[in-house]
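Q: Could you work out the structure for the sequence below:
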Amino acid sequence: MAQITAVYPGTFDPITLGHEDLLRRAARMFDRVIVAVAIAHHKKTMFSLDERMDMAREALADCPQVQVEPFEGLVTEFTAARGGTAMVRGLRSGTDFDYEFQLAGMNRALVPQIETVFLSPASQYQFISSTLVREIAQLGGDVAQFVSPAVLRRLQARVAKA
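A: Numbers count the residues shown, from 1 in each chain. Model prediction:
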């Protein structure tokens, strides 16, 4: 039986409990899940690519079928090159759906054999975004309920340096 590989792409700056929720659920659905961490030349990230990848690995260390890899360029090409047949995308709201639905259509036009699977995070994570977590942390707020302890330590250290 063929192994089914899914890719969950994103910037993960930083990875949140919402991301972790989706990844753990995807790991139950697929044989292998690749967290594709965007190099993100177009965005100014708080954490370097290596730091973002390390945080994802630390947060998901208990999920052996989840791998973390960097990517740049088209995620469809990345997915196809790794034998992926699915892309996992998270939906928190109707606004997310509008954007993700359009993106899924474009990806399907580029590589029809890769399916997009939409997952909605558990209710306690539906409002969490990396952007809000960064902003709250930079303003001195407590983000412990939104990220894993390892990510929290890195956020606190980064904010203390600023």
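Q: list the buried ones in the longest helix anywhere in the chain?
A: Secondary structure of the chain per DSSP state H: the longest helix is helix 94-110. Within helix 94-110, the residues scored as buried using 16 or more other CB atoms under 10 Å are Asp96, Glu100, Ala104, Asn107. (Each C-beta comes from the backbone N, C-alpha and C, glycine too.)
Q: unless I'm mixing things up, Arg57 is touching Pro70, no?
A: No. Arg57 is not in contact with Pro70 according to CB atoms under 8 Å; the separation is 11.9 Å.
Q: I'd like the next helix or strand past the longest helix of the chain.
A: The helix or strand immediately downstream of helix 94-110 is strand 115-119, counting by DSSP states H and E.
Q: who does that next one pair up with?
A: strand 86-90 (parallel) (DSSP bridges).
Q: Quick check: buried residues in stretch 21-40?
A: When neighbours are counted by 16+ other CB under 10 Å, the buried residues of stretch 21-40 are found to be 21-23, 25-27, 30, 32-38, 40.
Q: so what does the host helix or strand of Arg28 touch, helix or strand wise?
A: Assigning secondary structure by DSSP H and E places Arg28 in helix 17-29. Counting contacts by 3 or more CB pairs under 8 Å, 6 or more residues apart in numbering; DSSP states H and E, helix 17-29 is packed against strand 5-10, strand 32-38, strand 86-90, strand 115-119.
Q: Make TSV from the ones you listed and add distance to Arg134 and mean pLDDT to it.
A: As requested, the helices and strands packed on helix 17-29 are arranged in TSV below (distance: least, CB to CB, whole Å; pLDDT from 0 to 100):
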stretch	distance to Arg134	mean pLDDT
strand 5-10	14	97
strand 32-38	16	97
strand 86-90	17	97
strand 115-119	23	97
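Q: closest to Tyr125 out of these?
A: The stretch from the helices and strands packed on helix 17-29 with the least distance to Tyr125 (CB to CB) is strand 86-90; that distance is 9.2 Å.
Q: any residues touching that closest one, and which ones?
A: Surrounding strand 86-90, the residues in contact under the criterion CB atoms under 8 Å, 6 or more residues apart in numbering are 4-9, 18-19, 22-23, 26, 30, 33, 75-76, 79, 96, 100, 103-104, 107, 114-121.
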